[in-house]
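Asks: Structural data only, the sequence is not supplied:
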């Protein structure tokens, strides 16, 4: 029944996409003949008003009709141009996460259930919502502190959003499985794995305790960083369905005129923003993955404050070295080293030729070196790199794609502040420091320390490993002497499965027999 429901929901999605003209706006080039015929057949069913708007607006209208969970799905897919294509990723990135408010009484009820206390006990004042998104909405409020009343922001989960998202996710899994089955070329992109990533990402985002933990972690990481911070969390008033945090009075980074009027140095803000992002990525391996202008404020002191940590990205030590060596290789025009790093990391299958891959990397790097520094985009460089790696069977790396997408957004915000922003000059202090500490002599010391720690952990685990090995040896000897045996529960499950298959086989035989009888009667 669940699968039937997924088909029904998928049919509704398809109908909305047809009616809003999204299907008609799809490019026809490269489509299989049958798909092209189907597209042409349903195109006339689009609303007349939909035909006069741009493709991005058609997509936004369709997603708005489908509901909050599809806004979140669309925003996630905007971070995966490798899956939906660069053009559609750009269209999806314009989706506005602004939804209708839900009643304040529903927020009050959710807070009471989540924290087990009344609103009056928790807050001195609790106001009507000022912003609503697909997952939650935000209320201004005040709490009592030893210094007096303090203004806070209270983020409350949208009622029923988990159930709705779980149902819509079934349709996404169905699409992913059909894609893997009928479009062999898409298997490299692992659509089912992409859907699992979407599910995990959104589950994390729907548990506001985890967003609070992300804010806390990045606050610790950046406590000594110049020019950047995140809001403080009020843990006493935070639970699964509600998070209370410091209220931020500031100017959005997209409001350039207001920033100028307040006397802020826009060029310095642009440099601080990209340096902060690279510092979080390379040094900490943990970064804010939704740093669009609406989530970035500048307070009165000129400090950049990033809010909404629902989406965060992590990079392991190997991925951070991979990124740094790529950037350093392009800067020094050492394309062979860039290629070797891909092979060493296991991102490109070993049956390919390193020199050929280095040639493809050179095709990306050389045109960049002929441009003025302020026109070179690090995000564009990574985009081109991922396009080339597709030729060499590099499988999708979700963590790298999220990094690339976030870097494009952050770089775009920096260029809003400073149209002549020099990405390489701004990034050089952070990247060069990290390379010196992690790719030079210090790297050997660090690797030795990590190796020593691993050896100690292994030594501590040796007794347990020896016990398990001895037990496994005994089990193998017993099986060799007495044969393979199943426990009673396993044997019972096998029996039930066989019985089901036998019944299914009998039913199928009866259906075939009945069909043959009907055919015989018709022929007679």
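Replies: Structure received. All of these numbers come straight from a predicted model, not from anything done at the bench.

Asks: Show me the strands in the chain, by range?
Replies: For the chain, the strands defined by DSSP state E occupy 125-126, 131-132, 136-145, 148-157, 228-229, 233-239, 242-246, 251-252, 286-288, 296-298, 304-306, 312-314.

Asks: what residue ranges in the stretch 351-500 of the chain score low on pLDDT?
Replies: 369-380, 382-383, 386-387, 389-390, 395-399, 401, 439-451, 454, 479-500 (pLDDT under 70).

Asks: I'd say residue 67 and residue 167 touch.
Replies: No. Residue 67 sits out of contact with residue 167 when judged by Cβ atoms under 8 Å, with a separation of 10.3 Å. Just so you know, the C-beta spots here come from the backbone N, C-alpha and C atoms, and that holds for glycine as well.

Asks: Between these two, tell me which one has more neighbours.
Replies: When residue 67 is set against residue 167 and neighbours are counted by other Cβ atoms under 10 Å, the residue ahead is residue 67, at 17 against 14.

Asks: now the strands of the chain in TSV, with mean pLDDT and mean neighbour count?
Replies: What follows is those, written out as TSV (pLDDT from 0 to 100; neighbours: other Cβ atoms under 10 Å):
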stretch	mean pLDDT	mean neighbour count
strand 125-126	96	16
strand 131-132	87	18
strand 136-145	94	19
strand 148-157	94	19
strand 228-229	96	20
strand 233-239	96	18
strand 242-246	96	25
strand 251-252	92	16
strand 286-288	93	22
strand 296-298	94	23
strand 304-306	95	21
strand 312-314	87	20
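
Asks: Identify whichever of the ones you listed lies nearest to residue 458.
Replies: Nearest to residue 458 among the strands of the chain is strand 312-314; the distance by Cβ to Cβ comes to 24.9 Å.

Asks: strands paired with the closest one, and their directions?
Replies: Within its sheet, strand 312-314 is paired with strand 286-288 (antiparallel), according to DSSP bridges.

Asks: Off-centre distance for the partner strand?
Replies: Put simply, strand 286-288 sits 12 Å off its chain's centre (Cα atoms, centre = their mean, to the nearest Å).

Asks: who touches that strand?
Replies: Applying Cβ atoms under 8 Å, 6 or more residues apart in numbering, the contact partners of strand 286-288 are 217-218, 221, 230, 277, 280-281, 295, 306, 309, 311-315, 403, 406.

Asks: Keep only those of these that are in helices.
Replies: Among the contacts of strand 286-288, DSSP state H puts 217, 218, 221, 277, 403, 406 in helices.

Asks: What are the boundaries of the helices in the stretch 51-200 of the chain?
Replies: Residue ranges of the helices in the stretch 51-200 of the chain, as given by DSSP state H, counting those that start in this stretch, are 55-66, 68-77, 81-84, 86-93, 104-115, 119-122, 161-182, 191-205.

Asks: what is the orientation angle of the last one with helix 68-77?
Replies: So that's helix 191-205. Angle of helix 191-205 versus helix 68-77, following axes from the mean of the first three to the mean of the last three Cα atoms, to 10 degrees, is 120 degrees.

Asks: Kindly report the same for the longest one.
Replies: Taking the same axes, to 10 degrees, one finds that helix 161-182 is oriented at 50 degrees with respect to helix 68-77.

Asks: Can you mark which positions in helix 161-182 are buried?
Replies: Of the residues in helix 161-182, those buried under the neighbour-count criterion (16 or more other Cβ atoms under 10 Å) are 161-162, 165, 168-176, 179-180.

Asks: gap between that helix and the chain center?
Replies: The answer for helix 161-182 is 16 Å, by Cα atoms, centre = their mean.

Asks: picking that back up, and the ones in helices among the contacts of strand 286-288 as CSV, adding distance to residue 238 and neighbour count?
Replies: Conversion of the ones in helices among the contacts of strand 286-288 to CSV gives the following (distance: Cβ to Cβ, whole Å; neighbours: other Cβ atoms under 10 Å):
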residue, distance to residue 238, neighbour count
217, 14, 15
218, 16, 22
221, 20, 17
277, 26, 25
403, 28, 24
406, 25, 23
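
Asks: Once you drop chain neighbours, what's closest to residue 246?
Replies: Excluding the flanking residues, the one nearest residue 246 by Cβ to Cβ, 6 or more residues apart in numbering is residue 231, at 4.0 Å.

Asks: before we move on, what about residue 192?
Replies: residue 176 (4.6 Å).

Asks: wait, what's in contact with that neighbour?
Replies: Taking Cβ under 8 Å, 6+ apart as the criterion, residue 176 is in contact with 191, 192, 194, 195.

Asks: Closest to residue 102 out of the residues you listed?
Replies: When the contacts of residue 176 are compared for distance to residue 102 (Cβ to Cβ), residue 195 comes out closest, at 27.1 Å.

Asks: and the end-to-end length of stretch 153-171?
Replies: This stretch, stretch 153-171, spans 34 Å end to end (Cα to Cα, to the nearest Å).

Asks: where's that stretch relative to the chain centroid, distance-wise?
Replies: Between the mean C-alpha point of stretch 153-171 and the mean C-alpha point of its chain there is a distance of 17 Å (Cα atoms, centre = their mean).

Asks: The nearest residue to residue 326 once chain neighbours are set aside: neighbour count?
Replies: Distances taken as Cβ to Cβ, 6+ apart put residue 338 closest to residue 326, at 5.6 Å, once the chain neighbours are dropped. Applying other Cβ under 10 Å, we find 24 residues neighbouring residue 338.

Asks: my guess is residue 338 contacts residue 360, does it?
Replies: No. Under the contact definition of Cβ under 8 Å, residue 338 does not touch residue 360, with a separation of 10.1 Å.

Asks: Serialize the ones in helices among the contacts of strand 286-288 to a markdown table and add fields for distance to residue 325.
Replies: Rendered in a markdown table, the data for the ones in helices among the contacts of strand 286-288 read as follows (distance: Cβ to Cβ, whole Å):
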| residue | distance to residue 325 |
| --- | --- |
| 217 | 26 |
| 218 | 25 |
| 221 | 23 |
| 277 | 19 |
| 403 | 14 |
| 406 | 19 |
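
Asks: Make a markdown table from the strands of the chain and add distance to residue 348 to it.
Replies: As requested, the strands of the chain are arranged in a markdown table below (distance: least, Cβ to Cβ, whole Å):
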| stretch | distance to residue 348 |
| --- | --- |
| strand 125-126 | 55 |
| strand 131-132 | 44 |
| strand 136-145 | 41 |
| strand 148-157 | 42 |
| strand 228-229 | 35 |
| strand 233-239 | 41 |
| strand 242-246 | 41 |
| strand 251-252 | 41 |
| strand 286-288 | 25 |
| strand 296-298 | 35 |
| strand 304-306 | 34 |
| strand 312-314 | 22 |
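
Asks: and of the ones you listed, who's closest to residue 34?
Replies: With Cβ to Cβ, the closest approach to residue 34 among the strands of the chain belongs to strand 312-314: 38.6 Å.

Asks: what's in contact with the closest one?
Replies: For strand 312-314, the external contacting residues (Cβ under 8 Å, 6+ apart) are 214, 218, 281, 285, 286, 287, 288, 289, 399, 402, 403, 406.
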